[in-house]
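Asks: after the sequence you'll find the predicted model.
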Amino acid sequence: MISRSHNNSRFSRAIMLLKIQQDESLRSYIERNIYLGFKERHVDVFKKIPKYSIGSNYVRAIASELGWKGCYGFNRLIHYHTENCLRVVFCDFKDPSYSGKSYILNGDNYSPSSKTIGFCPKCVNEDLNRLGFSYWRRFHCDGAKVCAKHNVILLKKCPFCGDCFSLDGHGLNVMWATCGGRHLSDCASTPNCDSMDLKRAEFSEAVSKFNYQICERTASDFLLRKIYNSDCFRTLRIEGSNISKGPTIYEFVRHSQDMKNGAEYYKTDSSLLFDLAVGLYSRFEDFVVDLQSVNCEFRYIESGWATFKAAGNESPHYVEENYALGVAQWSCPYPSEDSRKRSSTDEYWSRKPIIYRCCNFVSDCSKDLNLKSVRVRLAPPAVPRLGMNGKFGVAGRTDINSVG
């Protein structure tokens, strides 16, 4: 248990939080704190979180209580304790942020879908021997079917009563309690016989341990060329779908490459590139080696954790937090000529400025503008000042040949 005092916290009280475990899902951590401290005031922060979603505002609160401050702490939490690392392994290097606008918005959901949470019996027994308790893992949720470590089928229903593991059904606290007097460690494991399910699970684990992001443009071109040059082009199957419709995939990816920047435009779907890599390679590490051979760029994963997208559409604006000084630096590194077009979103909003009664005279305003009291959006969260050693990560790109 860790005791902290957060006088400036939104939840100002003495906090005693459990230690979050390696690859533990956010929902597991929330439910574990509630179960073990249900009579304690320090779990109020978790009880306020909705059952079916974990919005960015709650992720910020949890990260803050863990001592993981600012945008860096927010991104650290979603990278290590959600499946977000799979969605951002391929990225546009013109976007210096790790999670775009997620840090300042409240709409993103970082909770697994209902009735898709599972567990591996062998992992549970290993945890009990090592820790004395077990927990729900982030890669054992949603579409995952197999444990990458043990190659056994994940159980999505209680082996004793048949109920699904969900907030509506069995409840996740069965991991720390029992079902009719029987613990989840008592159930038998079933070996997996599907090589594709195992490979997808192994790819996910490998990506989670990979400390770099891959340039999506280079990866897209490379994978498409490999598909077209493959002898098994007509028979290669991914998730049960024949990908012989190569031109459609090529046009899909090329469309994203023609865009000048990645602000609000259509972007390459990382899940598609992930599926292509799974279909073409036996191991994620082999895929990385091949990318090295074509001089693909990698970017250190933490270099974007302190940066978020703050505004802009055709021309994106970013804010980088400086924790040594406690200040934020605003920039627009890739202004686009499209912002000047009458059809652009940026140009549209530039013709509809916010009118402030305190500093706008009626004579200065166009007759077409309705002089109303318009509430300005809330400012981004304050930047914590952590002293001279407070700067996290090293910004910039890393050459592919230096990746270990």
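Replies: Okay, I see it.

Asks: when you work out contacts or count neighbours from here on, use the C-alpha atoms and nothing else.
Replies: OK.

Asks: all helices of the chain, in order?
Replies: Assigned helices in the chain, in chain order: 26-36, 44-47, 56-65, 70-81, 84-87, 121-130, 195-208, 216-228, 246-257, 270-280, 284-293, 345-350 (criterion: DSSP state H).

Asks: and the fifth one, average pLDDT?
Replies: Helix 84-87 shows a mean pLDDT of 92 in the predicted model.

Asks: what's it in contact with?
Replies: By C-alpha atoms under 8 Å, 6 or more residues apart in numbering, the surrounding residues in contact with helix 84-87 are 78-79, 204, 207-208, 270-271.

Asks: hmm, back to that, out of the helices of the chain, which one sits most buried?
Replies: Highest mean neighbour count among these (mean count of other C-alpha atoms under 10 Å): helix 70-81, with a mean of 23.

Asks: returning to that earlier point: quick check, nearest of the contacts of helix 84-87 to I34?
Replies: Using C-alpha to C-alpha, I78 comes nearest to I34 of these, at 20.0 Å.

Asks: and that closest one, what is it in contact with?
Replies: Contacts of I78 by C-alpha under 8 Å, 6+ apart are 59, 84-85, 110.

Asks: out of those, which is nearest to A311?
Replies: For those, the nearest to A311 is V59 (20.9 Å; C-alpha to C-alpha).

Asks: the closest residue to the closest one other than its chain neighbours: what's it in contact with?
Replies: Spatial nearest neighbour of V59, chain neighbours left out: F74 (6.6 Å); criterion: C-alpha to C-alpha, 6 or more residues apart in numbering. Taking C-alpha under 8 Å, 6+ apart as the criterion, F74 is in contact with 59-60, 63, 68, 103, 305.

Asks: of those, closest to K48?
Replies: V59 (11.9 Å).

Asks: for D163, give me phi and psi.
Replies: Phi and psi for D163, reported as degrees, to the nearest 10, are phi -70, psi 150.

Asks: same question, Y281
Replies: phi -130, psi 150.

Asks: lowest average pLDDT across the helices of the chain?
Replies: In terms of mean pLDDT, the lowest-scoring of the helices of the chain is helix 246-257 (a mean of 55).

Asks: nearest residue to the middle of this structure?
Replies: N84 (2.3 Å; C-alpha atoms, centre = their mean).

Asks: do you know how far that one is from Y98?
Replies: 10 Å (C-alpha to C-alpha, to the nearest Å).

Asks: dump the residue contacts of the closest residue to G73 other than its chain neighbours.
Replies: The shortest distance from G73 to any non-neighbouring residue, by C-alpha to C-alpha, 6+ apart, is to A63 (5.9 Å). Shown in contact with A63 (C-alpha under 8 Å, 6+ apart): 69, 73-74, 77.

Asks: quick check: P381 touching K69?
Replies: No: applying C-alpha atoms under 8 Å as the test, P381 and K69 come out as separate, 10.5 Å apart.

Asks: quick one on the thing from earlier: show me which pair in the contacts of I78 is furthest apart.
Replies: The most widely separated members of the contacts of I78 are V59 and C85, with 15.5 Å between them, by C-alpha to C-alpha.

Asks: where exactly do the strands run in the protein?
Replies: If DSSP state E is used as the criterion, the strands of the chain fall at 2-5, 14-17, 90-91, 212-215, 237-238, 241-242, 298-300, 307-311, 317-322, 327-331, 397-398.

Asks: and stretch 163-175, end to end?
Replies: Stretch 163-175: ends 13 Å apart by C-alpha to C-alpha.

Asks: could you chop this structure up by domain?
Replies: Annotated domains of the chain cover 26-88, 205-303, 307-375 [the TED database].

Asks: verify the stated contact: V327 with V383.
Replies: Yes: here V327 lies in contact with V383, judged by C-alpha under 8 Å, at a distance of 5.9 Å.
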